[in-house]
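Colleague: dropping a prediction and its sequence here:
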Amino acid sequence: MSIEESTPYNVQNIICLTKNFVRGGLNVIISYPVSSESHRLIERELSDLKQSMYAFTLAPRLEVALRNRGGRQLADWEVKKIKQDYAEGFHQPDYGTVIDNSDQTPEETSELILKKIKL
């Protein structure tokens, strides 16, 4: 099954798992590239939870996104997928907060997010 074919199932899984975890008293982080359409669906389906929802997109410059991860080299399919996602605009959605974390440490990025949600 292609990613295009599996996306509706993935989004429904996000919704179901998020509801289960939130009802169990847990905070949830969805680490998945979400289209504007899917984001609206997720917001609508989770609105009954009466919880704050924040959307953050980490959007380093493309050349940074294409760098190897420490000692792990990106596979060809990963490079292709990153380029495709950037071409399709997933790094600049029309919702939430977009963070260019190209020149930030993970700690700096997480501190910025925590300030935005006021934790």
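Modeller: Thanks, I have it. Remember, predicted model here, so these are calculated numbers, not experimental data.

Colleague: poorly predicted segments of this protein, please.
Modeller: Applying pLDDT under 70 to the chain flags the ranges 119.

Colleague: quick one, longest helix in it?
Modeller: When secondary structure is assigned using DSSP state H, the longest helix within the chain turns out to be helix 3-23.

Colleague: for that helix, give me every contacting residue.
Modeller: Residues external to helix 3-23 that are found in contact with it (C-beta atoms under 8 Å, 6 or more residues apart in numbering): 27-28, 30, 32, 34-35, 38, 41-42, 45-46, 49, 51. Glycine gets a C-beta too; all of them are placed from N, C-alpha and C.

Colleague: tally up the residues packed near the residue nearest to Asp94 when sequence neighbours are not counted, please.
Modeller: Leaving out its chain neighbours, the residue that sits closest to Asp94 by C-beta to C-beta, 6 or more residues apart in numbering is Ser36, at 5.3 Å. The local packing of Ser36 (other C-beta atoms under 10 Å) involves 12 other residues.

Colleague: touching, Ser36 and Gly96? I think so.
Modeller: No. Under the contact definition of C-beta atoms under 8 Å, Ser36 does not touch Gly96, with a separation of 10.1 Å.

Colleague: now the farthest one out in this protein, which residue is it?
Modeller: Of all residues in the chain, the one whose C-alpha sits farthest from the chain's mean C-alpha position, using C-alpha atoms, centre = their mean, is Gly71 at 23.5 Å.

Colleague: picking that back up, how distant is the helix or strand following the longest helix of the chain from the center of its chain?
Modeller: The helix or strand immediately downstream of helix 3-23 is helix 36-46, counting by DSSP states H and E. Chain-centre distance of helix 36-46: 13 Å, with C-alpha atoms, centre = their mean, to the nearest Å.
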